[in-house]
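# pasting a predicted model and its sequence here:
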Amino acid sequence: MIIIGILAAIAIPVFLAQRDRAREAAAESDLRNVTQAMTAFSATPAANGSYTGVTAGNLTTQGFNRTDDVQVAITVNGPNDYDATARHTDGGQEFSFTTGPGVFQGANPGNVSPSNPQPAALPAGAVGSLTVTP
């Protein structure tokens, strides 16, 4: 009986940690997929290179399928700028992605200099948000 207790004491925390890693992997995957769908949406003739006007239906048309129990939120800050976050509803870490003029994301391999373009004029009604939730 003692051996079973020892094995359970080892196995249960390992199982719980693995479950959290799986939730976080689902949120990371959804974030990566929604950013690809946002890029595909902006490349459509109707969007003309802009993120404004994106809807959940547009993202689905571009191939985004949200994982059950993962909340994805997108805030469009301007025609070339949006923020996206993803988090599993049962816990785990929240992941985020930001894009926009002059923003350089990630590591800098090869000492690449970040670009610093002039921001485009913000048209009326360009700011908005979209939440893709269960």
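All right, it came through fine.

# which parts of the chain are helices?
Assigned by DSSP state H, the helices in the chain fall at 2-42, 56-61.

# between those helices, which gets nearest to Val72?
helix 2-42 (5.4 Å; C-beta to C-beta). Every C-beta, even on glycine, is put in place using the N, C-alpha and C of the backbone.

# avg pLDDT for the closest one?
Averaged over helix 2-42, pLDDT sits at 84.

# name the helices or strands packed onto it?
With contacts taken as 3 or more C-beta pairs under 8 Å, 6 or more residues apart in numbering; DSSP states H and E, helix 2-42 sits against helix 56-61, strand 70-78, strand 81-88, strand 95-99.

# can you pull the contacts of the most centrally placed residue in the chain?
Residue closest to the average C-alpha location in the chain (C-alpha atoms, centre = their mean): Leu31, at 2.5 Å. Taking C-beta atoms under 8 Å, 6 or more residues apart in numbering, we find Leu31 in contact with Val72, Ala84, Thr85, Ala86, Phe95, Ser96, Phe97.
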